[in-house]
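Q: okay, here's the prediction I keep looking at, along with the sequence it came from:
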Amino acid sequence: MKPVGPIPPYFSAQDGELAIGGRTASALVAEAGDTPLFVYSTDALARRVAELRAALPLQLGLHYAMKANPFAPLLQWMRDRVDGFDVASGGELELALVAGVAPERISFAGPGKRDRELELAISGGVTLNCESEGEAARAFIIGDRLGLTPKLAIRVNPSFDLKGSGMKMGGGAKQFGVDAERVPALVRTIIAAGAEWRGFHIYAGSQALDAEAIIAMQAQTLALAGELADAAGAAPPHVNLGGGFGIPYFPGDTPVDLDAVGGALGQALSSLPDILQDTHFCIELGRFLVGEAGVYLCRVVDRKVSHGETFLITDGGLHHQLAASGNFGTVIRRNYPLAIANRFNAAPQEVQTIVGCLCTPLDLLSNQAMLPRAEVGDLVAIFCAGAYGASASPANFLGQGAALEMLV
């Protein structure tokens, strides 16, 4: 038997079933017409935004990192509740614009931006977070051709990373950003070229649960921003401090202490060096905003026993939930939070392994978990499915196709 991760606190039971947004899982599936189905709870989203606003300094902007989940209704819901959107491709930029996000509230990061993506950003008045000197040079040329002034920030590759983070985005040789020692010269080049200087984007890592590590990273980030501004001789109008806040996925994980992080950041922002006194600061969060608000529902289509082990075979799988299968950045596979959705109040009584419908042994949703006994037709709920699920998984693998999605 292997333990499962903690179910987020935003969900409860109704008539013995998992309830999402005040409606049972079976009712939501009936409305959608089929499984597999991603359901995103606006109640959970609203509570998470409120928690952040209450804990973090009032002057700190809150940005949504769209790569976590670009579902159009979710973008429209988020539009009026965060201060900015961070995109990582021309496709995401177009989705943000279609969702009604004002261009001046959008920043565009990511290595390998094609000229047509740079042109889309420049023509729309979107801030480009330049990942290299070469990208900045291309932006100058495109701006000249269009007769427009590019809005350019610099993504900085810091010398430090976020300790204990799931994915390290800074420190050492990286495809992300400009090495810190080269940043001041590029700032001066941007200003001399007549572009609109927008500041720094400094992102050291993601998926950290240790508040002390996040606090230390934010302190280093603020110090670096001041050092770079002094060396460049130019105050940054904006500094994106990155994110890094993780969510509990696995047994033993505990939530980030938001009050500790917010208190330390508030103190740090109250004692900035002179060159940063007029700088606007923000953080960008994706997974932390939406991850725990999502549930992936799939249906048991077969139940079988092999060498004494019970398998529940579902119509879902890694083609929608690559991360839950352990194939999206994890070194050791562990069980995500999950439940038998239509038996949510039932007592665990049987060890069962839950797999998807794909013809590969990698298609493992839960390994040897103690759960209520499930039968063909029952619904399985995989939690923490609001981030890096539908859009981050190989939906067309083996011709399976995309899952349904709904915001409730």
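A: Ah, there it is.

Q: how about the helices in the stretch 151-300 of the chain?
A: Along the stretch 151-300 of the chain, counting by DSSP state H, counting those that start in this stretch, helices occupy 183-192, 211-232, 258-269, 287-290.

Q: what residues are up against the spatially closest residue to A136 that is not a sequence neighbour?
A: In this structure, A136 finds its nearest non-sequential neighbour in C130, 4.5 Å apart by CB to CB, 6 or more residues apart in numbering. Every residue, glycine included, has its C-beta placed from N, CA and C. C130 is in contact with 136, 139, 152-155, 178, 186, 190, counting by CB atoms under 8 Å, 6 or more residues apart in numbering.

Q: on that earlier part again, mind putting the helices of the stretch 151-300 of the chain into TSV with mean pLDDT, mean neighbour count and distance to H320?
A: Shown next, in TSV, are these (pLDDT from 0 to 100; neighbours: other CB atoms under 10 Å; distance: least, CB to CB, whole Å):
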stretch	mean pLDDT	mean neighbour count	distance to H320
helix 183-192	98	18	40
helix 211-232	95	20	30
helix 258-269	97	17	30
helix 287-290	97	26	16
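
Q: these: which one's closest to V305?
A: V305 sits nearest to helix 287-290 of all those, at 36.6 Å, using CB to CB.

Q: show me what that closest one is packed against.
A: For helix 287-290, the packing partners by 3 or more CB pairs under 8 Å, 6 or more residues apart in numbering; DSSP states H and E come out as helix 42-55, strand 61-65.

Q: buried deepest among those, which one?
A: Mean neighbour count (mean count of other CB atoms under 10 Å) peaks for strand 61-65 among the helices and strands packed on helix 287-290, with a mean of 22.

Q: picking that back up, looking at the contacts of C130, which is nearest G5?
A: Nearest to G5 among these, with distances taken as CB to CB, is R155, at 32.1 Å.

Q: ok, the closest one - contacts?
A: 109, 129-131, 176-178, 200-203.

Q: then K113?
A: Contacts for K113 (CB under 8 Å, 6+ apart) come out as 90, 121, 128, 131, 135.

Q: sec struct for the second one, please.
A: Which is A121. Of the three states, A121 takes helix under DSSP: H, G, I helix; E, B strand; the rest coil.

Q: that one: how many residues sit nearby?
A: Applying other CB atoms under 10 Å, we find 26 residues neighbouring A121.

Q: quick one: contacts for it?
A: A121 neighbours (CB under 8 Å, 6+ apart): 90, 93, 108, 113, 127-128.

Q: let's see that with 7 Å instead.
A: Counting by CB atoms under 7 Å, 6 or more residues apart in numbering, A121 makes contact with 93, 108, 128.

Q: of those, which belong to helices?
A: Assignment to helices by DSSP state H places the following of these there: L93.

Q: could the contacts of A121 be laid out in a markdown table, adding pLDDT?
A: What follows is the contacts of A121, written out as a markdown table (pLDDT from 0 to 100):
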| residue | pLDDT |
| --- | --- |
| L93 | 98 |
| F108 | 98 |
| L128 | 98 |
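
Q: out of the contacts of A121, which one sits closest to R343?
A: L93 (43.1 Å).

Q: residues contacting the strand ranked longest in the chain, please?
A: Looking across the chain with DSSP state E, the single longest strand is strand 294-306. Residues from elsewhere that reach strand 294-306 (CB under 7 Å, 6+ apart): 20, 25, 29, 35-40, 311-316, 320-321, 341, 374-383, 385-386, 389.

Q: and the buried ones among those, selectable in ChimeraX?
A: To isolate the buried members of the contacts of strand 294-306 in ChimeraX, using 16 or more other CB atoms under 10 Å:
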select :20,25,29,35,36,37,38,39,40,311,312,313,314,315,316,320,321,341,374,378,379,380,381,382,383,385,386,389
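
Q: for P372, give me its contacts.
A: Contacts of P372 (CB under 7 Å, 6+ apart): 340, 343, 346-349.

Q: keep only those of those that are in strands.
A: Going by DSSP E, the strands hold I340 from the contacts of P372.

Q: residues in contact with I214?
A: I214 neighbours (CB under 7 Å, 6+ apart): 208, 244-245, 256, 261.

Q: could you redo the last one with a cut-off of 6 Å?
A: 208, 244, 261 (CB atoms under 6 Å, 6 or more residues apart in numbering).

Q: lowest-pLDDT helix or strand in this structure?
A: In the chain, no helix or strand scores lower on mean pLDDT, DSSP states H and E than strand 167-168, which sits at a mean of 48.

Q: what's the pLDDT at F176?
A: Note for F176: predicted pLDDT of 71.

Q: just the buried members of the contacts of R155?
A: 109, 129-131, 176-178, 200-203.

Q: mind putting these into TSV with distance to L358?
A: Below are the buried ones among the contacts of R155 laid out as TSV (distance: CB to CB, whole Å):
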residue	distance to L358
A109	33
N129	37
C130	40
E131	35
F176	32
G177	36
V178	41
F200	43
H201	37
I202	39
Y203	33
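
Q: can you report how many residues lie near D274?
A: Around D274 there are 10 other residues, counting by other CB under 10 Å.

Q: in terms of pLDDT, where does it sit?
A: Looking at D274, its pLDDT reads 96.

Q: next one: the one 5 residues further on
A: Note for T279: predicted pLDDT of 98.

Q: so what's I313 up against?
A: Listed by CB under 6 Å, 6+ apart, the contact set of I313 reads 301-302, 355.

Q: how far out from the middle of the chain is stretch 273-280?
A: On the basis of CA atoms, centre = their mean, to the nearest Å, stretch 273-280 sits 28 Å off its chain's mean C-alpha point.

Q: do stretch 137-147 as well
A: 31 Å.

Q: ok, stretch 281-294 next?
A: How far stretch 281-294 lies from its chain's middle: 6 Å, per CA atoms, centre = their mean.

Q: ends of it, how far apart?
A: End-to-end distance for stretch 281-294, by CA to CA, to the nearest Å: 28 Å.

Q: adjust the sequence numbering to begin at 10 for everything that follows.
A: Noted, 10 is the first residue going forward, which turns the last one into stretch 290-303.

Q: report the buried residues of it.
A: Those would be 290-303, for stretch 290-303 by 16+ other CB under 10 Å.

Q: looking at those, which is nearest D95?
A: When these are compared for distance to D95 (CB to CB), E293 wins out at 4.6 Å.

Q: check contacts around that closest one.
A: Residues counted as contacts of E293 (CB under 6 Å, 6+ apart) are 72, 74, 95, 249, 252.
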